[in-house]
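Trainee: everything below, folded, please.
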Amino acid sequence: MVYCPTKKMVEEVCAILSAGGVDADFYHGGRPHAARHDVHMRFLSGATPVIVATVAFGMGIDKPDIRRVVHYGAPKTVEEYHSNPSPNP
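Mentor: Purely as a prediction, here's the structure:
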């Protein structure tokens, strides 16, 4: 899971990862609802192993097998650094 502070950065980082052979997709509020839902479900099922998203995405994630959380770029607030997508640290 890679968090970025802006939608533009989310798309740029996802493009870089994909160009490098990483199976990644992106999620942010600027995508149509159906596309966000599809990406979310593929990420939760494991079909898409890497997701690049704005910080708001992580607020509703309950996925116990997330091994890495990367904050790419500086968040706007200190609170955005706190990210615990799984109840099992």
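
Trainee: packing partners for the lowest-mean-pLDDT helix or strand in the chain?
Mentor: Taking mean pLDDT, DSSP states H and E as the measure, the chain has strand 70-71 as its least confident helix or strand, at a mean of 85. In terms of contacts (3 or more Cβ pairs under 8 Å, 6 or more residues apart in numbering; DSSP states H and E), strand 70-71 is packed against strand 2-4. From N, CA and C alone the C-beta is placed, and that goes for glycine too.

Trainee: contacts for the strand it packs on?
Mentor: 10, 13, 17, 24, 50-55, 57-58, 69-73, 75, 80, 83 (Cβ atoms under 8 Å, 6 or more residues apart in numbering).

Trainee: partner strands of it, with direction?
Mentor: Partners of strand 2-4 in the sheet, by DSSP bridges, are strand 50-54 (parallel), strand 70-71 (parallel).

Trainee: list the buried residues for the helix or strand following it?
Mentor: Using DSSP states H and E, the helix or strand that directly follows strand 2-4 along the chain is helix 7-19. Neighbour-count burial for helix 7-19, counted by 16 or more other Cβ atoms under 10 Å, picks out 7, 9-14, 17.

Trainee: quick one: residues in contact with stretch 44-59.
Mentor: 1-7, 10-11, 13-14, 17, 22-29, 39, 42-43, 61, 63, 65, 69, 72, 75, 80, 83, 85.

Trainee: from these, which would you call buried?
Mentor: Buried among the contacts of stretch 44-59 by 16+ other Cβ under 10 Å: 1-5, 7, 10-11, 13-14, 17, 24-28, 39, 43, 61, 80, 83.

Trainee: who are the neighbours in contact with residue 36?
Mentor: 27-29.

Trainee: 10 Å instead, please
Mentor: Shown in contact with residue 36 (Cβ atoms under 10 Å, 6 or more residues apart in numbering): 26-30, 53, 57.

Trainee: likewise for residue 23?
Mentor: Residue 23 touches 17, 42, 47-50, counting by Cβ under 10 Å, 6+ apart.
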